[in-house]
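> quick one: sequence and predicted model below, then my questions.
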Amino acid sequence: MNKQQFISMLEEKGITLSPQQLSQFDTYYRLLVEWNEKMNLTAITDEEEVYLKHFYDSITASFYVDFTKEQRLCDVGAGAGFPSIPLKICFPNLHVTIVDSLNKRITFLEHLANELGLQHVRFVHDRAETFGKKPEYREKFDLVTARAVARLSVLSELCLPLVKEGGQFIPMKAAAASEELEKGKKALQILGGKLEKVHSFSLPIEESERNILIIQKTKQTPKKYPRKPGTPNKQPLE
Ligand SMILES: C[S@@+](CC[C@H](N)C(=O)[O-])C[C@H]1O[C@@H](n2cnc3c(N)ncnc32)[C@H](O)[C@@H]1O
């Protein structure tokens, strides 16, 4: 996806990027590639691929969820900032918290946010299992996103404790979504989530399958979750 396609395909979805926002994406691409030489941030470095598979793909969440309000969003395991940083560039009203267990990526994100001049962003080096136990973060977010972090049964335990009642958990999944949903039903039920909708579509140009799940937080998560680091993965709630 070249930049012109990026601009016009977002325009079709009602997102008009200002020259400042376009220059923020330019800078994001430049820093991603530059820092990727020193640390492992992404396997995708070709400019047109980054615009499609990282930037545009991240923004697809906004085709189904309203990010225009001043809401608190937590992105679990965002790595080099996906999906929350492209969303923040498009929707500056968002208050974004990223939690990632790899400190090098947090260092990159701090530098990136500085260079992009982003306000109301916070980066926390922690595991979601311990982060979700802390009173200042637990059940404090309107929206929690995660892309390419873990399968749904595991991911739900990392993310749902962070969502406040009435808020939404938004996992972004590729093709295995229906199988993951089947196995993830029990975890959702235990942790206070209810599947509201699955939005399936294909990414333009390469036509690969994507699924955006909308999970409503309908009741509080029992205090014992998340369990200690590593346990959600070793003993998933399946
Ligand atoms: C494959 S990367 C995906 C990054 C980004 N979400 C994306 O879509 O490009 C997974 C990220 O999740 C982080 N991660 C994995 N398990 C985690 C946990 N339990 N708590 C916090 N971060 C975690 C890793 O450090 C890594 O940065």
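Great, that's in hand.
> now the helices for the chain?
With DSSP state H as the definition, the chain shows helices at residue ranges 3-12, 19-36, 47-49, 57-59, 84-90, 103-116, 128-131, 152-159, 177-191, 231-234.
> would you reformat those as TSV and include mean neighbour count?
From N, CA and C alone the C-beta is placed, and that goes for glycine too. Putting those into TSV (neighbours: other Cβ atoms under 10 Å) gives the following:
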stretch	mean neighbour count
helix 3-12	14
helix 19-36	16
helix 47-49	15
helix 57-59	23
helix 84-90	24
helix 103-116	17
helix 128-131	21
helix 152-159	27
helix 177-191	18
helix 231-234	15
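> what's the closest of the ones you listed to the ligand?
Smallest distance to the ligand across these (Cβ to the nearest ligand atom): 3.7 Å, for helix 128-131.
> and the closest one, what does it pack onto?
Applying 3 or more Cβ pairs under 8 Å, 6 or more residues apart in numbering; DSSP states H and E, one finds that helix 128-131 makes contact with helix 152-159.
> so what touches the helix it packs on?
Contact partners of helix 152-159, identified using Cβ atoms under 8 Å, 6 or more residues apart in numbering, comprise 74, 76-77, 128-129, 132, 144, 146, 149-150, 169, 171, 173, 177, 180-181, 183-184, 186-188, 191, 193, 213, 215, 225-227, 232-233, 236-238.
> what does this structure have sitting close to the ligand?
Counting by Cβ under 6 Å from any ligand atom, the residues of the chain close to the ligand are 77-79, 82, 99-102, 105, 127-129, 147-149, 158.
> most widely separated two among the residues you listed?
Between any two of the residues of the chain next to the ligand, the greatest separation by Cβ to Cβ is 21.0 Å, found for Phe82 and Glu129.
> which ChimeraX command selects the buried ones in the residues of the chain next to the ligand?
One line in ChimeraX is enough to select the buried ones among the residues of the chain next to the ligand; burial here means 16 or more other Cβ atoms under 10 Å:
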select :77,78,79,82,99,100,101,105,127,128,129,147,149,158
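> narrow the residues of the chain next to the ligand to those in strands?
Applying DSSP state E to the residues of the chain next to the ligand, the entries found in strands are 99-100, 147.
> of all these, which comes closest to Lys140?
Taking Cβ to Cβ as the measure, Val99 is the one of these closest to Lys140, at 12.1 Å.
> the closest one bridge partners, please.
On the basis of DSSP bridges, Val99 takes part in beta bridges with Val76, Val124.
> list the residues that contact it.
Residues in contact with Val99, defined by Cβ under 8 Å, 6+ apart, are 74-78, 124-128, 131, 137.
> which one of these sits closest to the ligand?
Gly77 (2.6 Å).
> and the closest one, how close does it get to Ser23?
According to Cβ to Cβ, to the nearest Å, Gly77 stands 28 Å off from Ser23.
> what of Asn103?
Applying Cβ to Cβ, one obtains 28 Å for the distance of Asn103 from Ser23.
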